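Engineer: I need the structure of the sequence given here:
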Amino acid sequence: MPVTSVEKDLDNLTMTVVADFTASRQRLWEAYTDPRQIEKFWGPVEWPATFLRHDVFVGGRSHYVMTGPEGEQSAGFWEFLRVDDGKFFEVRDGFAGADGEENADMPSMRMTFSFEDTDSGSRLVTTTHFGALDQLEQLIDMGMEEGMKSAMSQIDDVLADLQSFAAGRGTDMQLLSDTQIRITRVIRGTVDQVWRAHHDPELIPQWMLGPDGWTMPVCEVPQQVGDTYRWEWAPAPGNDGEPFGFTSVLVESDPPHREVSTEQMIGMEGDPSTNELTLTARPDGTTLLSFVVTYPNTESRDAVIETGMIEGMEASYARLETVALG
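Structural biologist: Presented below is the predicted three-dimensional model:
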């Protein structure tokens with residue numbers, strides 16, 4: 001159990017949890033800022049979490065859902081107020097509905113997470129600031145202290161697992177729900193470099209090609225929220241295949257960290273999917289790319305996965321590192 005102390009201050013309306021680890025501070029920071037990792041320990045053992053969104057930058061937001069033993073669910077959100085990479089972040093933490101929007105009937109708290117070096121590894125100091133004494137008492141009565149201890153008892157195993165989250169692992173895909181998937185890959189390049197590679201119309205056709213043997217003759221990039229984009233691919237001379245493409249609308253943009261857009265295959269009827277791209281800096285100078293796709297239904301999700309999309313994306317991301325980033 002890494003938790004070494006829990007102190008409740010009824011005068012200052014805070015609860016502070018101190019936990020020590022043998023892993024480095026950088027490794028601990030990485031675990032808290034990577035949705036694949038934090039969802040393995042955020043939530044009591046009996047209530048595993050799924051992070052549907054995790055944007056670690058000022059103004060960013062997280063949305064997670066914890067699922068209980070009987071399938072019951074409890075959702076929450078973080079709103080990032082301050083971030084000092086590798087050392088500290090502060091969030092507004094609260095309850096949410098299934099859509100990720102705040103449940104205003106429940107209190108929200110301010111939480112700070114301080115990551116420190118120690119002689120034997122690292123220390124995390126988590127302080128929860130309550131708005132009133134009855135809020136503190138309400139959440140303590142709901143089992144907040146026991147829940148945090150149970151959650152943090154799982155961190156050591158995640159910190160010891162270096163292979164599952166290492167650079168060079170390639171593109172991973174996880175099912176988040178009946179209609180959502182998350183695609184992740186560590187890219188050798190900074191967040192600014194990776195963002196530029198996704199938005200420069202001269203760079204995109206050099207890497208976003210899927211398997212070898214394709215070209216990208218049309219690459220129209222939106223300039224602002226509300227603009228449409230159009231991407232089309234065609235087989236290179238001497239290769240088999242039929243041209244295809246996508247069009248979409250840019251819904252949200254917060255350079256260089258997050259972008260949301262719709263996506264519709266040209267010539268296909270039906271509702272579009274929604275793509276959420278998040279870029280997170282890692283302590284080693286690489287970038288964690290997280291791409292959450294929400295499809296209109298399960299059939300659409302499964303049909304797209306069966307096209308070999310993940311293999312095509314891996315070929316593209318490998319090309320991005322060698323071609324676009326130099």
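
Engineer: in the stretch 101-250 of the chain, which spans are helices?
Structural biologist: 133-141, 144-152, 155-160, 191-197, 204-207 (DSSP state H, counting those that start in this stretch).

Engineer: mean confidence score for the second one?
Structural biologist: If I follow you right, that is helix 144-152. In this model, helix 144-152 carries a mean pLDDT of 87.

Engineer: residue contacts, D227?
Structural biologist: Neighbour list for D227: V249, L250 [criterion: C-beta atoms under 8 Å, 6 or more residues apart in numbering]. Bear in mind the C-beta positions are built from the backbone N, C-alpha and C, glycine included.

Engineer: ok, it to T33 distance?
Structural biologist: Distance from D227 to T33, counting by C-beta to C-beta, to the nearest Å: 30 Å.

Engineer: same deal with A303?
Structural biologist: Look at A303 and T33: by C-beta to C-beta, they are 33 Å apart.

Engineer: those two: which has the busier surroundings?
Structural biologist: In this view A303 and T33 are compared by other C-beta atoms under 10 Å, and T33 has more residues nearby, 22 against 11.

Engineer: just to revisit the earlier point, any idea which of the helices of the stretch 101-250 of the chain is most buried?
Structural biologist: When the helices of the stretch 101-250 of the chain are scored by mean count of other C-beta atoms under 10 Å, the highest mean neighbour count falls to helix 191-197 (a mean of 19).

Engineer: which residues are contacting it?
Structural biologist: Residues contacting helix 191-197 (C-beta under 8 Å, 6+ apart): 187, 189, 203-204, 207, 255-257, 279-281, 287, 289, 320, 324-325.

Engineer: residues contacting the most centrally placed residue in the chain?
Structural biologist: For the chain, the residue sitting closest to the mean C-alpha position, by C-alpha atoms, centre = their mean, is H54 at 3.9 Å. H54 makes contact with T33, D34, P35, I38, S62, Y64, T278, T280, S290, according to C-beta under 8 Å, 6+ apart.

Engineer: could you do E145 as well?
Structural biologist: E145 is in contact with V6, K8, M15, counting by C-beta under 8 Å, 6+ apart.

Engineer: same question, G241
Structural biologist: G213, W214, A234, P235.

Engineer: hmm, try it at 7 Å
Structural biologist: Applying C-beta atoms under 7 Å, 6 or more residues apart in numbering, we find G241 in contact with P235.

Engineer: look up how far A167 lies from it.
Structural biologist: For G241, the distance to A167 - C-beta to C-beta - is 31 Å.

Engineer: next, count neighbours for P235.
Structural biologist: For P235, the neighbour count with other C-beta under 10 Å is 13.

Engineer: hmm, I was thinking of S153
Structural biologist: Neighbourhood size, S153 [other C-beta under 10 Å]: 16.

Engineer: check G121 too.
Structural biologist: When neighbours are counted by other C-beta under 10 Å, G121 comes out with 16.
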